[in-house]
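In: Dropping the sequence and predicted coords here.
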Amino acid sequence: MSLVTNLQNIPAAIESVTKVGRTEPFDLQVARNQIMGHTVVNINGYNASVAGTSIPLWENATVYTFPSTALTMTVASSSATDASPAKVTINGLDANYNQLTEVVALNGTANVTTVNQFLRINSIIMTAVASGQVSNVGTITVKNGSTTYAQINPGLGRSQMTVYTVPNGYTFYLNRINAWSGSSLSGGVYIFYNLTNSINGINTSTAQISFSLFVDVHRYAPNMFQQKADLTFAFSTSDSSSQHVAAYIEGFLIQNDGQALPSAL
């Protein structure tokens, strides 16, 4: 048998171009963590009782209050079954707006105090569940005193809140916003949407839109929000009727020039 024949019998290596990212779209490369200093940010929110007062879409039908200083938080569930080995991960910012993540082991209805102090909380997510469960049974809250700063409703496994603060050393580029009302509105009734950008205590209304059932905003050039900006995506109804409203918001978090890159693993 000739050498050529032997070589022909050896299976060729099958390599997808996407494996090394040679021809992938930029968005997909970011989602695959192939571009250092770039992260996809998804901000999802839902509230079943949006009415006449403008509120972000989060687990409570109230305005959202940002902490004035970094605070130690307590984490607890309304169900005793949300206990060891159940855990949640808090994604937030420290007193200097630097990214801060802490894993908290749940102890049912008993308060568990965080080791760290949080100036902002961007999200919380279940990273482990109790034995025999597939998600949280009770309402999980992250509080300081009587004030709730983040919450996971029963069975959802993560918070849903249209509140986000840009970390120190990064810029957030907002690409798109989709929002829906969950039921048909009466004639002449609208959902009002307002994006507030707060820097150094000064609120700026970045965008205002009224819609009836659905709004889709795709930007050709993304909105740019600087480090330490508090973003509140708020909604209300024109006639103060109570409506279900959901929103899906997406963009890129990009590390600023001159910032130290993470060390290689």
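Out: Noted; the coordinates are in hand.
In: got any ranges where the chain has weak pLDDT?
Out: Where the chain drops to pLDDT under 70, the residues are 1-22, 184, 259-265.
In: right, and the secondary structure at residue 28 would be what?
Out: helix (DSSP: H, G, I helix; E, B strand; the rest coil).
In: if I look at it, how far off is residue 38?
Out: The gap separating residue 28 from residue 38 is 12 Å, by Cβ to Cβ, to the nearest Å. Yep, even glycine has a C-beta here, placed from its N, CA and C like the rest.
In: Those two - which one has more neighbours?
Out: Applying other Cβ atoms under 10 Å to residue 28 and residue 38 shows that residue 38 carries more neighbours, namely 18 against 12.
In: can you tell me how far that one sits from residue 24?
Out: Residue 38 is 13 Å from residue 24, where distance means Cβ to Cβ.
In: ditto for residue 105
Out: For residue 105, the distance to residue 24 - Cβ to Cβ - is 38 Å.
In: So which of those two has more stuff around it?
Out: Using other Cβ under 10 Å, the more surrounded residue of residue 105 and residue 24 is residue 24, with 16 against 13.
In: hang on, the more buried one is in a helix, isn't it?
Out: No - counting by three-state DSSP, residue 24 falls outside a helix, being coil.
In: what's the distance between it and residue 30?
Out: Residue 24 sits 10 Å away from residue 30, taking Cβ to Cβ as the criterion.
In: And for residue 60?
Out: Using Cβ to Cβ, residue 60 is found at 32 Å from residue 30.
In: between those two, which one's more packed in?
Out: Taking residue 60 and residue 30 together and counting by other Cβ under 10 Å, residue 30 has the greater number of neighbours (18 against 15).
In: give me every residue that touches the residue lying closest to the more buried one once chain neighbours are set aside.
Out: Leaving out its chain neighbours, the residue that sits closest to residue 30 by Cβ to Cβ, 6 or more residues apart in numbering is residue 38, at 4.6 Å. When contacts are counted by Cβ atoms under 8 Å, 6 or more residues apart in numbering, residue 38 touches 30, 252, 253, 254, 255.
In: what's around the second one, how many residues?
Out: The reference is to residue 252. Applying other Cβ under 10 Å, we find 20 residues neighbouring residue 252.
In: same thing with the last one?
Out: Other residues near residue 255 number 17, with proximity taken as other Cβ under 10 Å.
In: measure the residue nearest to it when sequence neighbours are not counted to residue 100 for me?
Out: Leaving aside its sequence neighbours, residue 255 sits nearest to residue 37 (Cβ to Cβ, 6+ apart; 3.5 Å). If you measure residue 37 against residue 100 using Cβ to Cβ, the figure is 18 Å.
In: returning to that earlier point: nearest to residue 156, of the contacts of residue 38?
Out: Of all the contacts of residue 38, residue 156 sits closest to residue 253, with 23.4 Å by Cβ to Cβ.
In: for the residue nearest to residue 112 when sequence neighbours are not counted, what are its contacts?
Out: Among residues not flanking residue 112 along the chain, residue 75 sits closest, at 4.9 Å (Cβ to Cβ, 6+ apart). By Cβ under 8 Å, 6+ apart, the contact set of residue 75 is 88, 90, 104, 106, 111, 112, 113, 114, 140, 141, 142, 143.
In: same deal with residue 235?
Out: Residues near residue 235 by Cβ under 8 Å, 6+ apart: 47, 50, 54-57, 179, 191-194, 245, 247.
In: Residue 66 is in contact with residue 144, correct?
Out: No - counting by Cβ atoms under 8 Å, residue 144 stays clear of residue 66, with 11.7 Å between them.
In: Those two: which is more packed in?
Out: Shown here are residue 144 and residue 66; by other Cβ under 10 Å, residue 144 has more neighbours (16 against 13).
In: List the contacts of the more buried one.
Out: Applying Cβ under 8 Å, 6+ apart, we find residue 144 in contact with 67, 71, 72, 73, 74.
In: Checking the fourth one next. Helix, strand or coil?
Out: In this case it means residue 73. When classified by three-state DSSP, residue 73 comes out as strand.
In: For it, which non-adjacent residue is closest in space?
Out: Nearest non-adjacent residue to residue 73, counting by Cβ to Cβ, 6+ apart: residue 114, 4.6 Å away.
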